[in-house]
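Novice: Mind looking at a prediction? Sequence and model below.
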Amino acid sequence: MTERWQRELRKVRQLTPSPEVMRHSKEMVPERPTAESSIGRRLGVAVVVLAIAGASLVGLWRAFDSVGRPSAATPGGPSPSQTVTPSGYYITFPADAESPSGTQGGAILHVQTNLPDGTKVYVSDEELGGGGGSGGCCSTVTNGEILVRVDNVSCMNSIGQDRSTGLRITLTVLPDLEPLNPECLNPDGCPNPQPKEVLAILGDHFENLDGDQVRMVDGMRGLMATAEFAWPPGTCDPSLRGDSFLPDRCTNAETQMSYERASEVPGDLIGIFDQLRICEMWGDGTDGFRSANPWSDFRDQMRSWVEGLGPLVSRDGNQNFLRADIIDQSPTTFSGYHGIQTPTQITARYFYKDRAIAEATFVASPGSSPSVVPNWRLSAFRIL
Amino acid sequence: METAEAFDDLFRDLAPRLWRAIYVYTAGQREIADEAVAEAFARAWQHADSIRAYEPYLYRIAFRIAAAELRRQSRQDSPHEGANRQPEVEMRDLVSALRRLSPKQRAAIVLRYEADLPVAEVARRMGSTTGAVRVHLHMGRKRLRALLGDEEDEP
C-alpha cells in the first residue's frame, strides 16, 4: 500500500534530463584536462566507489541479540583529552554518552563549555569500526552547554556485518563555519558566521580565544575538541527494525524497482533481504501478489526465513553471500530507456553461498517509451 | 579509460538521479534542473583532480545553483516565475503540490524519498540536524498528503 504522494513522487523517476544537458555541460568547459590517464582513472574509480558507497549507504539490519553492547574494542569512556581540565576557553565532554529518551539507535551528550552563549558549534561524528559518520551545523551553546545528538547508523548494517563499536565526536568552533559546512543546501542561507554578540567577545578572528584546545583550522583560529564514547546501552533496540521495516501495517513502502536493464532487477531483492526491509519488498509487489500474501503473514514468514539463513554479508560488509541469476525471461520485449530491448517478465533464482534458496518473478510496467526507465514489480516469490 | 569516456560514464550514472532531485527541489522547473546539473558536471570536470567524492560534490554544487536561482526568483516582483511554466501532464498534480511546500521540505523529501539517502546523510547535505530533517519530512509528507489526498492502494 502506498499513498498517493508516494506514487506521484515515483513518477519523477520516469523523467530524465535531455541529452542536451550533457552537451551543454561539456560546452561550459573551455579546455579539457590534459592529464587524461590520471583523471580518467580517478573518474573510473569514482564510479565504482559511488556504486559501493550507494550499496553501503543502504545500510542494513541485523541480529539484535548482541547489539548495543560495547565489544572489547569499544571505547570505555572519555579519551585522555577529556579528563584534562583545559585552560582558557574550553569544551569538556561528559564521561558517558546517554541514550536519548523516547528514541533508540543513537546517543546524546551534554557537553560543558565556557564559550559565550550563542556560539555555534560544528558537530562531526564518526562511528568507530563502522565506517560511517556525518557532520552538522550547528549546535549552539546554551547556558554553558552544548547538546549533541547522534544517530547510530550502523544499526542498519547488513545481517552479518559488524556494528560500530563506539563513537568519536569532534566539536569545532570557528569565526565562520563555512569551510566545515560547504554542503549546506538551505535556500535561506546557511548560518555559518558566528553571531555578532559572540564575535564581540571572542574577536572577529577569534583573536581573544585562548586555551589548550585552540587550533588553526583551514587558516582560521578556532577551538577543537575530540572524544570517544561507547554507545549507550539499548542502542540498536530491536523496536527500530519493527518501526522501519517490519511494521504492524505496511503503508510506507518508499521505493519501487526502477531499472534500465532487466538484469539489474533481481539484485534489488538482495538489498532488501540484507536489511530485512520486508515492508519494502511487499510494497514492490503487484496488486495480485499483495492480495495473495497478506502483510502480517508475509512479514512473519519472510523474517523467519531470512534470519534463518545465517550471515548474509561478511563481517566487513564487503562480500555478499547472496546472489541471483536470471533463469527465465519472456520472449516479448519492449523498448526501454536508451532504446534497450527489455523483456516484459523475468524469473530469477537466488542462491545463498551457492545453495538455491528462492525464486522470484518480476514484471515490467508499463515500460513502453524509449524515454522511460521501466518500473518493475514483484509478481511471485517462492522459497525453495 | 579516456577522460571523455569516464566523464560520460559518470554523467550517465549520476546525472539522471541528480537531475530528478533538482527537479523536485525546484518544484518542476526543468530549466533550473538542466542548468544546475550541466554546470555541476562542468565544474566537476574542471576540478577532477581535487574532488575526493563526486556524488556529494555534484549534489552540493547543483543544489547551490538551484537554491541561488530560487532566491533570485523570490526577490522578483513576480515570484516563482518558473512556476508559470506548465510541467509534464502526468506531473501536474505533483508539481502543483510541491510548489506549496517550503524549499527545505522539498529538499528533505527529495533527498530521502527520491535519492533514497538515510536521514543522517540528508541532514549532512542540508547542513541541518537529523531532528530538523525529520520535522521537514513529517511536515512535507503531511502537506503532500493533504494536497494530493491520502488514499492508499488496496492490498
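Specialist: On my side now, so go ahead. Numbers count the residues shown, from 1 in each chain, chains lettered A, B, ... in the order given.
Novice: gap between residue B:118 and residue B:112?
Specialist: 8 Å (C-beta to C-beta, to the nearest Å). The way it works is simple: take the backbone N, C-alpha and C, and place the C-beta from them, glycine included.
Novice: meant to ask about residue A:166
Specialist: Using C-beta to C-beta, we find residue A:166 at a distance of 27 Å from residue B:112.
Novice: ditto for residue A:119
Specialist: From residue A:119 to residue B:112 the distance is 30 Å (C-beta to C-beta).
Novice: Then residue A:285?
Specialist: 22 Å.
Novice: partners of residue A:375 in the sheet?
Specialist: With DSSP bridges as the criterion, residue A:375 is bridged to residue A:258, residue A:365.
Novice: So which residues of the chain form helices?
Specialist: Just going to use chain A. A:4-11, A:19-27, A:36-57, A:80-83, A:196-202, A:238-244, A:266-275, A:278-283, A:287-292, A:295-309 (DSSP state H).
Novice: wait, I meant chain B there
Specialist: So, for chain B - with DSSP H - the helices run B:3-25, B:30-46, B:54-75, B:92-98, B:103-109, B:119-126, B:130-148.
Novice: List the buried residues in the longest one.
Specialist: Going by neighbour count (16 or more other C-beta atoms under 10 Å in any protein chain shown), the buried part of helix B:3-25 is B:3, B:6-7, B:9-11, B:13-25.
Novice: Would you mark the buried spots in stretch B:38-56?
Specialist: B:38-46, B:48, B:51, B:54-56.
Novice: Which of the helices and strands in chain A ranks last by mean pLDDT?
Specialist: Ranking every helix and strand in chain A by mean pLDDT, DSSP states H and E puts helix A:36-57 at the bottom, with a mean of 36.
Novice: Tell me who's in contact with the closest residue to residue A:174 other than its chain neighbours.
Specialist: Once flanking residues are discounted, residue A:174 sits nearest to residue A:222: 4.0 Å by C-beta to C-beta, 6 or more residues apart in numbering or on different chains. Shown in contact with residue A:222 (C-beta atoms under 8 Å, 6 or more residues apart in numbering or on different chains): A:172, A:173, A:174, A:175, A:206, A:209, A:214, A:215, A:216.
Novice: ranking these by neighbours, who comes first?
Specialist: residue A:173 (30 neighbours; other C-beta atoms under 10 Å in any protein chain shown).
Novice: so what's that one up against?
Specialist: Neighbours of residue A:173 in contact, by C-beta under 8 Å, 6+ apart: A:91, A:115, A:119, A:120, A:121, A:122, A:194, A:206, A:222, A:223, A:224.
Novice: Specify the beta-bridge partners of it.
Specialist: With DSSP bridges as the rule, residue A:173 is bridged to residue A:223.
Novice: I'd like to know how far it sits from residue A:211.
Specialist: Taking C-beta to C-beta, one finds residue A:173 at 11 Å from residue A:211.
Novice: list residues touching both of these two?
Specialist: Taking C-beta under 8 Å, 6+ apart as the criterion, residue A:173 and residue A:211 both touch residue A:223.
Novice: tally of neighbours for residue A:304?
Specialist: Residue A:304 has 9 nearby residues by other C-beta under 10 Å.
Novice: measure it to residue A:298 for me?
Specialist: Taken as C-beta to C-beta, the span from residue A:304 to residue A:298 is 11 Å.
Novice: again with residue A:206
Specialist: 58 Å.
Novice: pLDDT below threshold where in the stretch 201-350 of chain A?
Specialist: Applying pLDDT under 70 to the stretch 201-350 of chain A flags the ranges A:218, A:238-244, A:252-256, A:258-260, A:336-339.
Novice: Could you rerun that using 50?
Specialist: Along the stretch 201-350 of chain A, segments meeting pLDDT under 50 span A:254-255.
Novice: what residues does stretch A:302-317 touch?
Specialist: For stretch A:302-317, contacts defined as C-beta under 8 Å, 6+ apart pick out A:56, A:60, A:63, A:157-162, A:246, A:273-274, A:276, A:278, A:281, A:319-322, A:352, A:357, A:383.
Novice: Check which residues of stretch A:300-319 are buried.
Specialist: A:302, A:303, A:306, A:309, A:311, A:312, A:313, A:317.
Novice: so what's residue B:155 scoring on pLDDT?
Specialist: pLDDT recorded at residue B:155 is 41.
Novice: Next up, the contacts around residue A:378.
Specialist: Counting by C-beta under 8 Å, 6+ apart, residue A:378 touches A:257, A:269, A:281, A:284, A:285, A:286, A:289, A:360, A:361, A:362.
Novice: picking up where we left off before, list just the nearest of the buried residues of stretch A:300-319 to residue A:374.
Specialist: residue A:302 (25.1 Å; C-beta to C-beta).
Novice: State the distance from the closest one to residue A:232.
Specialist: 31 Å.
Novice: ok, now residue A:222?
Specialist: 29 Å.
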